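> A predicted structure for the sequence below; I have some questions about it.
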Amino acid sequence: MSDPAGDVYAVVTWQGARSCLRPRESIGFGRAPANRILIGADPEDDRVSRRAGSIECTRDGVVLHNLSEKHPFDVQTFPGRGFTVPPLEVRGSRPHTRLAVRVTGTGRTYVIGLDLARLTAAAGAHGRARHDLTGRTTTGVTRIDLPAEDRHLLAAVCLRPMTRTGPAAVPTHATVAADLTAHGHGPVAPLTVRNRVAALRTTLVEQFGVDELWGPSPGETVLDRLARWARRSGNVLAADLEALDLRAEDA
């Protein structure tokens, strides 16, 4: 693919192929045929998720979405130490201009190269980065500005899905109440959690347009959907779980 003349774009390369992404465009990678970046498909590599992730282009970098529910992927930075994107989480590229997404398969690693020089040059001094609780730069991730109490509630909803497996990873109003209480935000009753979750969901939908929180699918609870959205959108990260140990008035 030829470069778009005079445009702002990111260059994505993989397995001898090349594509240019403009801001607001994205490209998916994984084993499923629907992905533009097809990895682990021929021969079929079961360790690569069908929808392993996606790369979303912004004006000053890219946002890396891990769409797998089980497998992390690594990001190598040039220079730098690199970082890992855990399952169902997102990370931004800033301040790096050259990166490589590394997806571990069975006996091999699939590499997707990213050249962001045109993006960062165009962004110049107009930094549009947002920062998570640890001060790490997370470009393009829409973290909604929530009161500390609501942020802690959202983190408590995601605590078990992000730290446990199997049945123990499923959040309920009782487990969320217990986790809030255990981290110094209680005592909290399950009914209180139910009411606070309902109010938070209404706020997210009506004030911030998060329409996907309405109408859970069959077999999916309100808490399941809230946790899934929070993790995929970057509104709950590992740092938010650590911040549960801070009382709302101290956050």
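Ah, there it is. Numbering: from 1, shown residues only.
> mind exporting the host helix or strand of P161 as CSV, just the C-alpha atoms?
Element membership of P161, judged by DSSP states H and E, is helix 148-163. In CSV, the C-alpha atoms belonging to helix 148-163 read as follows (Å, rounded to 0.1, in the frame of the first residue of the first chain):
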residue,chain,number,x,y,z
ALA,A,148,-13.7,8.7,43.8
GLU,A,149,-16.5,6.6,45.3
ASP,A,150,-17.8,5.6,41.9
ARG,A,151,-14.2,4.8,40.7
HIS,A,152,-13.7,2.5,43.7
LEU,A,153,-17.1,0.8,43.1
LEU,A,154,-16.1,0.2,39.5
ALA,A,155,-12.8,-1.2,40.5
ALA,A,156,-14.5,-3.5,43.1
VAL,A,157,-16.8,-4.8,40.3
CYS,A,158,-13.7,-5.7,38.2
LEU,A,159,-11.5,-6.9,41.1
ARG,A,160,-12.4,-10.6,40.9
PRO,A,161,-12.7,-10.8,37.0
MET,A,162,-9.2,-9.3,36.8
THR,A,163,-7.5,-11.4,39.6
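> And the helix or strand just after that helix, what does it pack against?
Reading on from helix 148-163 to the C-terminus, the next helix or strand found by DSSP H and E is helix 173-182. Helix 173-182 is packed against helix 148-163, helix 190-208, with contacts defined by 3 or more CB pairs under 8 Å, 6 or more residues apart in numbering; DSSP states H and E. Every residue, glycine included, has its C-beta placed from N, CA and C.
> thought F78 was touching G113?
No: using CB atoms under 8 Å, F78 is not in contact with G113; the gap is 9.9 Å.
> shared neighbours, the two?
98-100 (CB atoms under 8 Å, 6 or more residues apart in numbering).
> Make TSV from these and add neighbour count to it.
Listed next are these as TSV, based on neighbours: other CB atoms under 10 Å:
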residue	neighbour count
R98	16
L99	24
A100	17
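> next one: phi and psi at the residue lying closest to R22 once chain neighbours are set aside?
Of all residues not flanking R22 in the chain, Y9 sits nearest, at 5.0 Å (CB to CB, 6 or more residues apart in numbering). Per-residue torsions, Y9: phi -160, psi 160 (degrees, to the nearest 10).
> wait, what's in contact with L204?
L204 touches 144, 210, 213, counting by CB under 8 Å, 6+ apart.
> could you measure it against L153, distance?
Look at L204 and L153: by CB to CB, to the nearest Å, they are 12 Å apart.
> show me where this protein has helices.
117-123, 148-163, 173-182, 190-208, 222-233, 238-242 (DSSP state H).
> Now render those as JSON lines, adding mean pLDDT and distance to F73.
Formatted as JSON lines, the helices of the chain follow (pLDDT from 0 to 100; distance: least, CB to CB, whole Å):
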{"stretch": "helix 117-123", "mean pLDDT": "72", "distance to F73": "21"}
{"stretch": "helix 148-163", "mean pLDDT": "91", "distance to F73": "16"}
{"stretch": "helix 173-182", "mean pLDDT": "92", "distance to F73": "28"}
{"stretch": "helix 190-208", "mean pLDDT": "89", "distance to F73": "28"}
{"stretch": "helix 222-233", "mean pLDDT": "88", "distance to F73": "15"}
{"stretch": "helix 238-242", "mean pLDDT": "84", "distance to F73": "16"}
